Structure formats: structure tokens, C-alpha cells
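[1] Have a look at this prediction, sequence included:
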Amino acid sequence: MTGSLGIVGVGGLAEFVVEGYRHAGDRREILLSPRGAARAADLARRFGCRVMASNQAVVDAAEAVMISTPPREAIACVKALNWRRGQLLVCVAIDVTLDALQAAAPEADIVRAMPSSAASFGASAMPIYPDHPGARALLSPLGAVHGVADERAFDAGAAFAGYYLWVYGLLDEMVRAGEAAGLPRQAAIGLVAGLTEAACRHALRADPGHSVREPLDHHGTPGTMTAGGYAILESAKALEPWRKAYEGAVARLRGAGTSA
């Protein structure tokens, strides 16, 4: 899909999306809603977008539309607009359901997606539901798109947007530990981030039928530095809180929580 993209709700996520398209060399026309006027004007200046007179003007002129309003406003916003039959509507707001979106815009083809700030540099792995080929094509400049079969799976995938940001806390902890041990800060950042990137690359290249932890088991043989360090993590049950944090995020997205 190379046609025009409209964005209704020009907040932080919209900025990441616009930057991601331009970073990828995608020159499609991007039409912005006028709310958030200062940010919309800035994106228009920096990335060649066009600010429209109203939300409806965005929908009327765009081939596909992304709804990135605050979650509490998304359904009312979608319902207030007139959609063309078969027009692609991609909602990136949490706390909505496909059923609610379809009731609000029965004419549109609706897809839920959950990009992250990594969209700005084309690395936002994201779930989509339903797995719509047009949505895949639309979102692929922003990162790897993973279609899922139902909304429960979508929520499970969307919760990893939290994990993506939690990782920064772990990176910072290890950088500060490296500095305390005598490394210059730049070297500590380079080593921690570089080795983390290497582990992620290996996981993406490996046979998905194998355990993701296979390199740890292969190299962390008894008596090694790796085995000794991992034993400390296991004895402290250091990985368990990560799972619990993720499970809490999934419950939040499935309606167990009430705050954004």
C-alpha cells in the first residue's frame, strides 16, 4: 500500500509513525488532523505532511486512516466520522475492542495494531489483528508485523510494548554497574547495548522450534563466569518479576485494570 495515510490524533505515537515512514524513505502523502496543532504544524514542516481542516477532511482525503487518539476518545472519534466502504482504519489506541470499533464504523475495514516508539527508526515489531494484507503493507515500513488470530493473542502481543520499555531500565542498571567497575560511560553503553542487540539478532535468526535460551545453556557450562552469574539471578528469582510484570500488562489490556 503506497496511497495516502491519514492520522487522526497527532500525539507522540503519531510523531514516531511519521518519522518512521520518512526514515524508511517512504514519501507517501501523510494527512494530519488539526488537533494538537503545534505538533501537527511541526510534523508538516519537518516531514512534508499536510494538516487538514478537520478529522473528517482527513478521512475524506486519505486511502487509509490511523486512529491514534487517547484511548478514552477513540470510539467516540471513530463513530463521529463518515467512512467509505472498505476504507482501511488502523486503530493503535489501547483499551478498545474490535467489536466496539466495528460498531462505530461498520463500513470500514478495521485493524488493531500496537507500534512502539521504535517505529521512528523502523524497528517497531508489532502485532496486528485481524491479519489484513493492506494493514501489513501499510505498517511494514515501521517494523516487523506479526499477524495474530484473535484478540486475546493481540493483547498478549501488545503487552510486549511495555516489555520493550522495561528493557531500558535493565540496560541502565548494567551501564551503571559497568561504570562503577571502572568502564568509561561510552564504552559501557556500547558494550551493554551492543551485546543486547547481538542476543536479539541471534534469537531472531535461530530456529523458532528451539529454546530461545539455547546459547545460555550451551555456553553457561558449570564453572564458567556465565554459569556463576546466572546462578545468582536464579537464586534471587530475578526473572520471575519480569513475567509477573508482563502478566499484569496482559491483564490490564484484557480489561482487568482501569488506568492507562
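    Structure received. Numbers count the residues shown, from 1 in each chain.
[2] Show the contacting residues for the residue lying closest to residue 220 once chain neighbours are set aside.
    For residue 220, the nearest residue in space outside its immediate sequence neighbours is residue 226; the separation is 3.9 Å by CB to CB, 6 or more residues apart in numbering. C-beta coordinates here come from the backbone N, C-alpha and C atoms, glycine included. Contact partners of residue 226, counting by CB atoms under 8 Å, 6 or more residues apart in numbering, are 216, 219-220.
[3] which of those has the most neighbours?
    Counting neighbours by other CB atoms under 10 Å, the top entry in the contacts of residue 226 is residue 220, with 17 neighbours.
[4] Provide the secondary structure category for the residue nearest to residue 220.
    Recorded secondary structure, residue 226: helix (DSSP: H, G, I helix; E, B strand; the rest coil).
[5] what comes into contact with stretch 182-191?
    Counting by CB under 8 Å, 6+ apart, stretch 182-191 makes contact with 174-176, 178-179, all of which sit outside it.
[6] And stretch 73-85, by the same measure?
    With CB under 8 Å, 6+ apart as the contact definition, stretch 73-85 has outside contacts at 8-9, 55-56, 59-60, 67, 69, 89, 91, 93, 95-96, 100-101, 104-105, 107-108.
[7] Whichever of those end up buried, select them in ChimeraX.
    The buried subset of the contacts of stretch 73-85, as determined by 16 or more other CB atoms under 10 Å, is captured in ChimeraX by this line:
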select :8,9,55,59,60,67,69,89,91,93,95,96,101,104,105,108
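[8] So what does residue 147 have for phi and psi?
    Dihedral angles phi and psi of residue 147 (degrees, to the nearest 10) take the values phi -70, psi 140.
[9] contacting residues around it?
    For residue 147, the contacting residues are 127-132, 136, taking CB under 8 Å, 6+ apart as the criterion.
[10] Could you rerun that using 7 Å?
    By CB atoms under 7 Å, 6 or more residues apart in numbering, residue 147 lies in contact with 128, 131, 136.
[11] The first one: neighbour count?
    By that I understand residue 128. Per other CB under 10 Å, the neighbour tally for residue 128 reads 24.
[12] Assign a three-state SS to it, would you?
    At residue 128 the chain is in strand, as set by three-state DSSP.
[13] who does whatever helix or strand residue 146 lives in pair up with?
    With elements delineated by DSSP states H and E, residue 146 resides in strand 145-147, which encompasses its position. When pairing is defined by DSSP bridges, strand 145-147 lines up against strand 126-129 (parallel).
[14] on that earlier part again, report the rounded mean pLDDT for the strand holding residue 146.
    Across strand 145-147, the average pLDDT comes to 98.
[15] Downstream of it, the next helix or strand is which one?
    Heading C-terminal from strand 145-147, the first helix or strand you meet, by DSSP H and E, is helix 151-158.
[16] buried sites along that next one?
    Under the neighbour-count criterion of 16+ other CB under 10 Å, helix 151-158 has 151, 154-158 buried.
[17] who touches that helix?
    The list of residues contacting helix 151-158 from outside it, by CB under 7 Å, 6+ apart, reads 94, 97-98, 112, 114, 127, 129, 146, 148, 250, 253-254.
[18] tell me the mean pLDDT for that helix?
    For helix 151-158, the per-residue pLDDT values average out at 96.
[19] same question, stretch 84-92
    Across stretch 84-92, pLDDT averages out at 98.
[20] Ok, stretch 221-239 next?
    Per-residue confidence for stretch 221-239 averages out to 96 on the pLDDT scale.
[21] what are the C-alpha coordinates of it, in PDB please?
    Once non-C-alpha atoms are left out, stretch 221-239 reads as follows in PDB (Å, rounded to 0.1, in the frame of the first residue of the first chain):
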ATOM      1  CA  THR A 221      28.600 -24.800  31.500                       C
ATOM      2  CA  PRO A 222      29.400 -25.400  35.200                       C
ATOM      3  CA  GLY A 223      32.400 -23.500  36.500                       C
ATOM      4  CA  THR A 224      32.100 -20.700  33.900                       C
ATOM      5  CA  MET A 225      31.600 -17.000  34.600                       C
ATOM      6  CA  THR A 226      28.300 -17.200  32.800                       C
ATOM      7  CA  ALA A 227      27.000 -20.100  34.900                       C
ATOM      8  CA  GLY A 228      28.100 -18.400  38.100                       C
ATOM      9  CA  GLY A 229      26.300 -15.200  37.300                       C
ATOM     10  CA  TYR A 230      23.200 -16.900  36.100                       C
ATOM     11  CA  ALA A 231      23.000 -18.900  39.300                       C
ATOM     12  CA  ILE A 232      22.900 -15.600  41.200                       C
ATOM     13  CA  LEU A 233      20.000 -14.500  39.100                       C
ATOM     14  CA  GLU A 234      18.100 -17.700  39.600                       C
ATOM     15  CA  SER A 235      18.700 -17.800  43.300                       C
ATOM     16  CA  ALA A 236      17.200 -14.300  43.600                       C
ATOM     17  CA  LYS A 237      14.300 -15.300  41.300                       C
ATOM     18  CA  ALA A 238      15.300 -12.300  39.200                       C
ATOM     19  CA  LEU A 239      13.400 -13.300  36.100                       C
END
